Every structure is written in structure tokens, then in C-alpha cells.
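Engineer: Give me the fold of what follows.
(one chain, ligands or ions: 2)
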Amino acid sequence: RAEQDWTHRHDAAITRDGHRVAVAANLGDTARAKEVADAGAAGVGLLRTEFMFMARRSAPDLTEQLALYRQAFDALEGKPLLVRTLDVGGDKPLPYWPMPKEDNPFLGVRGIRLCMQKPDVLETQLRALLMAAGDKPLRIMFPMVADWSEWCWAKARFDIIQAEVQATNVQLGIMVEVPAVALNAAVFAEEVDFFSIGTNDLTQYTLAMDRGNGGLARLSDGLHPSVLRLIKMTVNAAHAKGKWVGVCGELGSDPQALPLLLGLGVDELSVSLKRVPFIKAQVRDWRLSRCRQLAEQALRAVDAPGVRRLVAAAQREPG
Ligand code: PEP
Ligand code: MG
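Structural biologist: Numbering: from 1, shown residues only. Ligands and ions are numbered 1, 2, ... in the order given. Model (predicted):
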């Protein structure tokens, strides 16, 4: 099916046996929020706010951020906005924020670890978000959480500001992109409202393969059974507590990953804006019952090519 075919973009993403998933859009820029409804997306499933902070001489202040988030909420007309708080450090430096050089930036002070060194930056961002939201559906998540203490710290910052601003329709979650969190997801599921699985980093950290290293690109595949197993653990832990799980990494855009993510129970896929109609159409091609069988088989495969062969064979089955 042509990826360019947007004809049925407004039809629901519902499997042939009646299971509905949300397909949302990944954005790096609030200006593009006005395109979300026309692409048929359920909302924004990942706003990467670091782009608002990069390529500037200083961090955007409260007023500037408020204007940007308001622009997004106005354009979304009631659809949810899921915002990831600033995820810089390591390979994503900020010119006005001196960071010591690290030997292993992907294993260094990045994401929430970096924000803990500059609490005022996170607090300003949270304040602007909650002020802009009012009663509109806002979801906030923290990047690169690995340790319980990081969640507790970030949650405490949120609670202080929310007590002052009192936005009324907010959910708070974390990215699951470090294996430690997936392995211990039951503990986090008690407290978060949702998880969003960042398969780009989760794959990198599970397989110990740098996501930017071209020499490893062929082997570094999110359909590796070990990554799938971590996704399963995350979903099961979340659902046991009535929480929802999204996938916002590249794997969510992969047609061969799609039946497995559905079969593992993922509730939302967030993909690039231009790919939303294609992924919704893919969902409509599958039965959840078949996806569940495939996911069970995939977990027993020895490697990612084995998983891909399994899905490829299922894709050739007559409908
Ligand atoms: C991820 O790690 O999968 C993710 C969505 O975050 P980023 O690609 O921005 O690191
Ligand atoms: Mg990431």
C-alpha cells in the first residue's frame, strides 16, 4: 500500500476484530501542531521539546514557552498533547549550558539526570506547560529515567508547581528507554499515569549498540526478542495497574513491528506526522488474535531476523 495514500486517514485505527489503538504524531516543533488533525492523528504522542532549546543563545523563558505551548493547544482543539521535558546532554549539547566532556555521552549526564543539576530549567518548563494547559489534555513525561530516585525527584517538582497552577487534565509519565525501568516496571506502574517506550534508546541500551553507529545498523534492530520481552514486561506491569502504554520510538513506524506491538498490548503508537495515515491503514489489516499469536512466537525467536521472517510469512497469509 502506498505510504502516500491519505484517502482513509480519518478512519479509525481499528483491527479487523474490533480492537482500537491510538495513532498519534511525533513533533519537534509546536508550529506543526496545526497539521495533526488533518493527518488523522489522535493527538501528539511525543513533543520533543529539546528543539525549542537548541540553536538558540539562551533557554526560552517562561513567557516564550507559554506562547509556544498555547500555540500547540490552540491548534489541537482538544486532542491530547504529550510533552517530553527537555532531553539534552550527551550527544545533544546546548551552547549556553556548559557540559563537561564525557567519554561515554550516551551513558553520561543526559535527560533527567542533567535537569536535576538545573532544577530551575525543569521548573520553568513545567510551569509554562501547566499554565498553557488550563483544562486541556496535557500529558508530561520525563526522559531517560533509570532510577527510582529520578522519578521521585521529578514528581516532587511537578507536585509543587501543580499545587500552584492547578491544571485540571494532566497525566504524568516516564519514557521507558532504559532496560532497568522496563525490568522494574511494576514499581513505576504504581505511580505513573502512563509509560511511553522509546525504542530507539531502549534498543541501544539493551543490545549495547550505539544507535548512531552505521557499522551496527544491520544488527541494531528493535525487533530483537530481548527488546520485545522488555516491551512485554512494561505493558503487563502497566495494565496490571490500569495504566496505558505508548511506543514513541522508530519501531512504531515499522510495518513489521506493528502486529507485534499490538499483540504485546501497546495502546498507542506515536509516529512521524507523514506516516500516521499509513500506520492507521496497517492496523486495519490485522486481527488482534493473530497479532497475539505472532507476539508469542516472536518472543521465542533467537534473533531479530528470525522475528522478521515470522512476520513476513504472516503478512503473506491470505486475509
Ligand atoms: C527513543 O529513544 O526512542 C525516543 C523516542 O527518544 P529520542 O529518539 O528522542 O531519543
Ligand atoms: Mg530517547
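Engineer: show me what contacts the residue of the stretch 201-319 of the chain found nearest ligand 2?
Structural biologist: Of all residues in the stretch 201-319 of the chain, Asp201 sits closest to ligand 2, at 3.7 Å by Cβ to the ion. Where C-beta positions appear, they are placed from N, C-alpha and C, glycine not excepted. By Cβ atoms under 8 Å, 6 or more residues apart in numbering, the residues touching Asp201 are 144, 175, 177-178, 211, 249.
Engineer: most surrounded residue in those residues?
Structural biologist: Of all the contacts of Asp201, Gly249 has the most neighbours under the rule other Cβ atoms under 10 Å, reaching 28 neighbours.
Engineer: from what I can see it touches Leu202, true?
Structural biologist: Yes: between Gly249 and Leu202 there is a contact at 6.9 Å, judged by Cβ atoms under 8 Å.
Engineer: Now stretch 306-319: buried residues?
Structural biologist: 307-308, 310-311, 314 (16 or more other Cβ atoms under 10 Å).
Engineer: Could you tell me which of the residues you listed belong to helices?
Structural biologist: Taking DSSP state H as the definition of helices, the buried residues of stretch 306-319 contribute 307-308, 310-311, 314.
Engineer: Please list which of these are also close to ligand 1.
Structural biologist: Of the residues in those, proximity to ligand 1 by Cβ under 6 Å from any ligand atom holds for none.
Engineer: Pick the one among the residues you listed closest to ligand 1.
Structural biologist: Val307 (18.3 Å; Cβ to the nearest ligand atom).
Engineer: give the contact list for the closest one.
Structural biologist: 223-225, 228, 260, 298, 301.
Engineer: biggest separation within these, which pair?
Structural biologist: His224 and Leu260 (11.3 Å; Cβ to Cβ).
Engineer: Neighbour count for these two, which is higher?
Structural biologist: For His224 versus Leu260, neighbours defined as other Cβ under 10 Å are more numerous around Leu260 (27 against 23).
Engineer: hang on, isn't that one packed against Gln315?
Structural biologist: No: counting by Cβ under 8 Å, Leu260 does not reach Gln315; the two are 12.0 Å apart.
Engineer: Nearest to ligand 2 within the stretch 51-200 of the chain, name that residue for me.
Structural biologist: Gly198 (4.0 Å).
Engineer: so what's that residue up against?
Structural biologist: Neighbouring residues of Gly198 by Cβ under 8 Å, 6+ apart: 143, 175-177, 248-249.
Engineer: go again using 6 Å as the cut-off
Structural biologist: 175, 177, 249 (Cβ atoms under 6 Å, 6 or more residues apart in numbering).
Engineer: these two touch, right, the first one and Ile140?
Structural biologist: No: because the distance of 11.2 Å does not satisfy Cβ atoms under 6 Å, Met175 is recorded as not touching Ile140.
Engineer: The host helix or strand of Asp120 - contacts with which helices or strands?
Structural biologist: Following DSSP states H and E, one finds Asp120 within helix 119-133. For helix 119-133, the packing partners by 3 or more Cβ pairs under 6 Å, 6 or more residues apart in numbering; DSSP states H and E come out as helix 62-76, helix 148-165.
Engineer: Deepest-packed of those, please.
Structural biologist: Most buried of these, by mean neighbour count (mean count of other Cβ atoms under 10 Å): helix 62-76, with a mean of 18.
Engineer: Please report how far Tyr69 lies from Ser58.
Structural biologist: Between Tyr69 and Ser58 the distance is 18 Å, computed by Cβ to Cβ, to the nearest Å.
Engineer: What of Thr85?
Structural biologist: Distance of Thr85 to Ser58, computed by Cβ to Cβ: 18 Å.
Engineer: Compare the two (neighbour count), which wins?
Structural biologist: More crowded of Thr85 and Ser58, by other Cβ under 10 Å: Thr85, with 23 against 11.
Engineer: Next, give phi and psi for whichever residue of the stretch 201-319 of the chain sits closest to ligand 1.
Structural biologist: Nearest residue of the stretch 201-319 of the chain to ligand 1: Gly249, at 2.8 Å (Cβ to the nearest ligand atom). The phi/psi pair for Gly249 (degrees, to the nearest 10) reads phi -90, psi 180.
Engineer: Next, the contact list for the closest residue to Arg70 other than its chain neighbours, please.
Structural biologist: Once flanking residues are discounted, Arg70 sits nearest to Ala132: 4.7 Å by Cβ to Cβ, 6 or more residues apart in numbering. Contact analysis of Ala132 by Cβ under 6 Å, 6+ apart lists 66, 69-70, 73.
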